[in-house]
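> What follows is a predicted protein model with its sequence.
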Amino acid sequence: PTIELTAPISGLISETHVVVGQPVSPDQVLAEIIDLTEVYALARVPENLAGQLKKGLRARITVPAVPDAIFDAELEHLGAMADAESGTVEAAFHIENPDLVLRPGMRAEFSIVVEKSENVFSVPRSALQGDEINRFVFVKHFELPNVFVKAPVVVGRMNDQSAEILSGLFPADEVVTRGAYSLSFAGAGTLSLKDALDAAHGHEHAEDGSELSAQPASQNNEDGDQKQSPFWMIVSGLLFVMLVFVAVRKRGAPNAE
């Protein structure tokens with residue numbers, strides 16, 4: 001005989017324990033069904049940080065299997081006991097999973113928000129370059145197109161997305177957030193203001209970007225000899241010819257009696 005069995009919940013069949021034609025009994029488990037519309041992400045939090053956690057904290061969770069998504073979750077409960085081998089405490093975060101992209105056993109990375117600050121001057125963390133001692137960002141030049149200036153900054157607190165800037169930037173600065181790492185290798189890490197202005201205006205500038213004074217009428221050559229201006233050379237030549245002409249006329253004139 002064939003008997004229709006109605007599942008107690010909706011979901012996906014994760015395991016079956018029978019095959020076609022096998023006799024079954026009322027106490028036998030036939031299949032296992034899981035509902036993935038809501039899941040729990042379990043974080044292993046180090047013991048020294050577990051004291052900062054409390055129910056209701058939010059977390060941003062990323063999963064390598066879903067690289068373009070960030071899942072917002074809420075801490076529902078902490079484990080009652082610590083794992084002595086790993087020195088961690090379990091923290092369970094509740095996640096809505098309507099598209100069923102999260103599956104049991106997937107690895108995840110947690111960024112738990114334990115504190116919030118308002119009116120913080122910050123930049124995306126991808127804009128930061130350098131090491132922990134020498135931090136810098138690239139700022140778009142106000143006047144010259146496609147020119148970026150290396151700006152040292154002092155960094156405060158950071159999370160997985162942003163970095164607090166204590167000094168080194170102004171609110172109107174436009175900071176490079178994508179490609180900054182590659183830009184640090186172009187032109188030995190930066191393009192000086194002098195080079196940028198020279199290329200844009202077609203003439204030399206001082207190191208601070210100011211205009212250089214006018215060049216003198218004459219300048220020394222490589223041997224240290226002074227090079228005369230072409231104008232004065234022409235004038236000197238004409239005067240010499242006129243003097244010679246006057247001297248010849250005087251020599252050929254008759255003497256008076």
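Thanks, I have it.

> and residue 18, what element?
Assigned by DSSP states H and E, residue 18 belongs to no helix or strand.

> ok, it touching residue 24?
Yes. In this structure, residue 18 is within contact of residue 24 by C-beta atoms under 8 Å, at 6.0 Å. (C-beta placed from N, C-alpha, C; glycine too.)

> since we're on the nearest residue to residue 126 once chain neighbours are set aside, how many residues are nearby?
Sequence neighbours aside, residue 177 is the residue nearest to residue 126 in space, at 5.3 Å (criterion: C-beta to C-beta, 6 or more residues apart in numbering). Residue 177 sits with 14 neighbouring residues when counted by other C-beta atoms under 10 Å.

> What of residue 73?
22.

> my guess is it meets residue 92, correct?
No. Between residue 73 and residue 92 there is no contact under C-beta under 8 Å: 9.4 Å.

> tell me which residues in stretch 44-62 are buried?
Buried residues in stretch 44-62, counted by 16 or more other C-beta atoms under 10 Å: 45, 50, 53, 57, 59, 60, 61, 62.

> What is the nearest of the residues you listed to residue 29?
Taking C-beta to C-beta as the measure, residue 29 sits nearest to residue 61 out of those, at 31.8 Å.

> Please state the offset of stretch 66-81 from the chain centre?
26 Å (C-alpha atoms, centre = their mean, to the nearest Å).

> Could you give the average pLDDT over it?
In this model, stretch 66-81 carries a mean pLDDT of 91.

> could I have that stretch exported to PDB, CA atoms only?
Taking Å, rounded to 0.1, in the frame of the first residue of the first chain, the C-alpha atoms of stretch 66-81 are listed here in PDB:
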ATOM      1  CA  VAL A  66      28.600  35.000  -1.700                       C
ATOM      2  CA  PRO A  67      31.400  37.500  -2.300                       C
ATOM      3  CA  ASP A  68      29.300  40.500  -3.300                       C
ATOM      4  CA  ALA A  69      27.000  40.500  -0.300                       C
ATOM      5  CA  ILE A  70      27.200  41.800   3.300                       C
ATOM      6  CA  PHE A  71      24.700  40.300   5.700                       C
ATOM      7  CA  ASP A  72      23.400  42.400   8.600                       C
ATOM      8  CA  ALA A  73      22.800  40.300  11.700                       C
ATOM      9  CA  GLU A  74      21.900  40.700  15.300                       C
ATOM     10  CA  LEU A  75      23.500  38.900  18.300                       C
ATOM     11  CA  GLU A  76      20.900  36.600  19.700                       C
ATOM     12  CA  HIS A  77      22.800  34.800  22.400                       C
ATOM     13  CA  LEU A  78      26.300  33.900  23.800                       C
ATOM     14  CA  GLY A  79      27.400  30.500  24.600                       C
ATOM     15  CA  ALA A  80      27.100  29.500  28.300                       C
ATOM     16  CA  MET A  81      30.500  27.900  28.300                       C
END
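
> Quickly list what's touching both of residue 73 and residue 92.
When contacts are counted by C-beta atoms under 8 Å, 6 or more residues apart in numbering, residue 73 and residue 92 have residue 41 as shared neighbours.

> Need the residues touching each of residue 18 and residue 24.
Common neighbours of residue 18 and residue 24, using C-beta under 8 Å, 6+ apart, are residue 30.

> how about the helices in the stretch 51-200 of the chain?
If DSSP state H, counting those that start in this stretch is used as the criterion, the helices of the stretch 51-200 of the chain fall at 180-183, 193-201.

> Mind telling me which of those helices the model trusts least?
helix 193-201 (a mean of 59).

> got the contact list for residue 87?
Residue 87 makes contact with 46, 47 under the criterion C-beta under 8 Å, 6+ apart.

> And it, how close does it get to residue 54?
In this structure, residue 87 and residue 54 are 20 Å apart, going by C-beta to C-beta, to the nearest Å.
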